[in-house]
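Undergrad: fold the following for me, if possible:
(chains A and B)
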Amino acid sequence: MTTRDSSFQVDSLIAEDIDAYLDQHQHKSLMRFITCGSVDDGKSTLIGRLLYDSKMIFEDQLAILESDSKKVGTQGEEIDFALLVDGLAAEREQGITIDVAYRFFTTEKRKFIVADTPGHEQYTRNMVTGASTADLAVILVDARKGVLVQTRRHSYLVHLLGIKHVVLAVNKMDLVDYDQATFDAIVDDYTAFAKEVGIEEFTAIPISGFKGDNITAKADGAPSSNTPWYSGPALINHLENVELANTAAQERSFRMPVQWVNRPNLDFRGFAGLIASGSIKPGDPVRIVPAGKTSTVKSIATFDGDLDEAVAGQSVTLTLNDEVDCSRGDVIAAAGDPPEASDQFEATIVWMDEAALKPGRGYWLKLGSQMVTATVQPPKHEVDVNSFEHLAAKTLELNSIGVAEIATDRPITFEPYESSRQLGGFILIDKFTNATVGAGMLHFSLRRAQNVHWQPTTITREDHGRMKNQTPRVLWFTGLSGSGKSTIANEVEKQLALMNRHTFLLDGDNVRHGLNKDLGFTETDRIENIRRIGEVAKLMTDAGLIVLTAFISPFRAERRLVREMIPEGEFIEVFVDTPLEVAEQRDVKGLYKKARSGQLKNFTGIDSPYEEPENAEITVNTVDMTPVEAAEYIIKQILPLK
Amino acid sequence: MRSLTHLERLEAESIHIFREVVAEAENPVMLYSVGKDSSVMLHLARKAFYPSPPPFPMLHVASGWDFKDLLDHRDKTVKEYDLELIVAQNDEAEEQGINPFDTGSALYSQAQLTDPLKRALTEHKFDAAFGGGRRDEEKARAKERVFSFRTASHRWDPKNQRPELWNLYNSKKNKDESIRVFPISNWTELDIWQYIALEKIDIVPLYLSQKRPTVTRDGLILVVDDDRFRFEAGEEPVERSVRFRTLGCYPLTGATESEATDMSLIIQEMLLATGSERQGRAIDKGQSASMEDKKQEGYF
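TA: So this is what the prediction gives:
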């Protein structure tokens, strides 16, 4: 690693005319790229070389690197550049890359941020993370091995994430005697397969990260003397000259998701955000989506004074000429060409969590500055990232990719991912662990969402309640099988009837005979069971009824899902707290016996979990109370009913 | 068409991060160490919320061994921009005799830097804290997310970080948990200096060369900043033209000999330097993963 090439030769300018150097440096553009490939393809060596050649490794760091290389390195006496990027203790212990690392280097023309993603099994999650912000991908192939499974996977992911610029870097050319035929054969191979993936264009470069061939061009721009047959650019020169997407984004229509409303005083109301696409000038007509109100831009306010124009990629604050309603989550868009809003979509989802996707469960969905609750349908198919075959799937496991329909609890403003990363890319967040569990790319909204509108009704739910002289409510009984839910709910209903209240009791078994007879007892089916019951209970409260439900409803997430469907204060969780031993002893329906003997699978409390309520409004203990006493207690808790 | 420069793109990204936290967190704070990175952060925060002032307080963890110039600069800045300042300091450690001369650097930084920081974050119930960490500084930082999740006891688990895609940040957390946020993650040392020069950001004069009383010890040039400095046998303060690349506790931070008295000379020196920025930090020495260990304990 000794040769230094023209792109990095700025030392003299720094020493002689620092101001000229800074002026030049200041006007550089920024490119983010990702490197990927198989485990031993020489990725770390390449990155190490780029950092070293661009003076990003200092002497004290190099000294540490040298001593670390001797201690834990894998290159014998040579410097192990992998240690530059694998910085975590756990990574060194295990000799693997756990996570994405971001590295920086600069050439005369451009500044670079490179996301180094691991080639290991956990590739998908980390690849997607690194690729999501990249303008370009360098896919490394070992010249001795050619296109491998991993090359195919990574190329697929790169294409999926919408990276337009792909470089096929055929590395270790020194180990195949710089043989042109070898290079050409790999390029032919990759060309055929790239078409299959959907990659229209790529640039192939024969390199040696170790020897430095075609990494940077010589002063006269000629390629390495070892590859006289190659006439294309050196890697660095190519990276320096690729046209960046941030100018392309300016050509599209204006969109700015509103992040924050700035109100320092009564005279100023500004909408802060990062411009996703297009450009904007004072006087331009805009539309606030989804509400649809229009106005014109009054000013583009910044700390450095008002701007005449702002473009995609800038963080600005807009003020408008009208007092329109606009807040975080809204999108300010070109009045003549606004994006659409919908609540049902098809999307590609990459699952990133150890716990598999639970179709039907509510997850937080964050897209731009919008945060909504979303439920995912069972996938239409999963994609085998090796063969690109579509496989049947009921759910998505860690690192798998599938296509599924998604419904959100209110319309969100979006664009297909293909045309906008900012308005088409989203993350899914688990509501209990708060972990980021999935990443998605929206394709299109489903027609049915566009054509089914809420029908405004004249007689409201309040009217229905008033006529029945009561406030509608849901009394949601939860507890183990045999805890006494149905018995107590029945008793509560009887007593309410005596008080002239209009009620309805939804019972687990009864609903499964009709509405939900297509559902089994897997986790996914149980979630759907509860969702449907929630919807029915909601309709019944809209009709003014007091609804009692008696379902095991074992998962907190689903009980919360229903709680969120019902107006605040009208959902009352009643925990029928009976220890498992007691419920099992009672075994009214003989189900525990069947479950214990293995005749009944997925039985709550035996081989399927029951998550006790953490903040139930009412708890009754059936060991100390009779069903009648429990019912009286519950009614006392909800009185007065109006 | 206008192609944005790299500094414009970095600035826009940092502003976006600041705004995202303020929109989603309940009680954010900015860690303000008064150094060059903090100064850039403060400048970005003022831009992000203009014409409003930054809608969060500044938290300065003072070790008790801070350079006098640094404290003066802090107080001047706070006054000039009308900021709310919280100073966190561990007075008990001082009483227990923990000091930078006698105490090992690990215990010292734990007691005087990490502990008071954690205590202040807990006491004020801050749920998001901005820090000036940059990925180019150190290898453990190169792997850290922009939104870095902390448990209720402020621990960082590098093996269990949330994937971070596009410019979407997940700020969801349970009660008592918090998030460290690094708006200048993607900036390099050169970006910082160039931005300071370009935006004319006021920095602590210690970054500029000046004749200062110094002592050479363990390969570091220490500046005798006040009369608490402990001289060893035969040591005499010597006047040298020195400046700092990084600022920590004065008895533990090495200066460099320099004639750089303005911003372009500083940048020139930095670009031609052969040693890294944190070379002068005694608390970074020790085993190679020490930054990672300290971060897991709650250090920024």
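Undergrad: tally of neighbours for the closest residue to chain B within the stretch 151-300 of chain A?
TA: In the stretch 151-300 of chain A, the residue found nearest to chain B is A:P264; the distance is 4.1 Å by CB to the nearest CB. Any C-beta I mention is one placed from the backbone N, CA and C, and that applies to glycine too. By other CB atoms under 10 Å in any protein chain shown, the residues close to A:P264 number 14.
Undergrad: name the nearest residue to it, ignoring sequence neighbours.
TA: B:S52 (4.1 Å; CB to CB, 6 or more residues apart in numbering or on different chains).
Undergrad: for that neighbour, list the residues it contacts.
TA: The neighbourhood of B:S52, defined by CB atoms under 8 Å, 6 or more residues apart in numbering or on different chains, consists of A:N262, A:R263, A:P264.
Undergrad: tell me the one of these nearest A:L442?
TA: For the contacts of B:S52, the closest approach to A:L442 (CB to CB) belongs to A:N262, at 29.0 Å.
Undergrad: my guess is that closest one meets A:T317, correct?
TA: Yes: between A:N262 and A:T317 there is a contact under CB atoms under 8 Å: 5.8 Å.
Undergrad: could you check which of those two is surrounded by more residues?
TA: A count of neighbours by other CB under 10 Å puts A:T317 above the other of A:N262 and A:T317, at 29 against 21.
Undergrad: helix, strand or coil: sort out the more buried one for me.
TA: At A:T317 the chain is in strand, as set by DSSP: H, G, I helix; E, B strand; the rest coil.
Undergrad: just the pLDDT for the nearest residue to it once chain neighbours are set aside.
TA: Once flanking residues are discounted, A:T317 sits nearest to A:G270: 4.0 Å by CB to CB, 6+ apart. A:G270 carries a pLDDT value of 97.
Undergrad: and what of the one 5 residues further on?
TA: A:I275 carries a pLDDT score of 97 in this model.
Undergrad: again with the one 5 residues further on
TA: We note a pLDDT of 97 for A:I280 in this prediction.
Undergrad: B:N160 now?
TA: 77.
Undergrad: with the one 4 residues further on instead?
TA: Model confidence at B:E164, expressed as pLDDT, equals 92.
Undergrad: just the one 10 residues further on next, same as before
TA: With respect to pLDDT, B:N174 scores 86.
Undergrad: over to A:Q94?
TA: pLDDT at A:Q94 comes out at 57.
Undergrad: quick one: A:V492 is in a helix?
TA: Yes: the assignment for A:V492 by three-state DSSP puts it in a helix.
Undergrad: excluding its backbone neighbours, what's nearest it?
TA: Using CB to CB, 6+ apart, the nearest residue to A:V492 is A:A631, at 4.5 Å.
Undergrad: quick one: secondary structure of the residue of the stretch 151-300 of chain A closest to chain B?
TA: Going by three-state DSSP: A:P264 is strand.
Undergrad: my guess is it contacts B:P51. True?
TA: Yes: if you go by CB under 8 Å, A:P264 and B:P51 touch, sitting 5.1 Å apart.
Undergrad: next, count neighbours for B:D227.
TA: B:D227 has 5 nearby residues by other CB under 10 Å.
Undergrad: now do the contacts for it.
TA: Going by CB under 8 Å, 6+ apart, the list of residues near B:D227 is empty.
Undergrad: ok, now how distant is it from B:Q89?
TA: Distance from B:D227 to B:Q89, counting by CB to CB, to the nearest Å: 20 Å.
Undergrad: check A:L307 too.
TA: 42 Å.
Undergrad: for residue 50, give me its contacts.
TA: Just so you know, I chose chain A. A:R103, A:F105, A:F112, A:V114, A:I215, A:I236.
Undergrad: think we crossed wires, I meant chain B
TA: B:Y50 neighbours (CB under 8 Å, 6+ apart): A:A301, A:T302, A:F303, A:T317.
Undergrad: so which of those are in strands?
TA: If you go by DSSP state E, the contacts of B:Y50 have A:A301, A:T317 in strands.
Undergrad: what subset of the contacts of B:Y50 is buried?
TA: A:A301, A:T302, A:T317 (16 or more other CB atoms under 10 Å in any protein chain shown).
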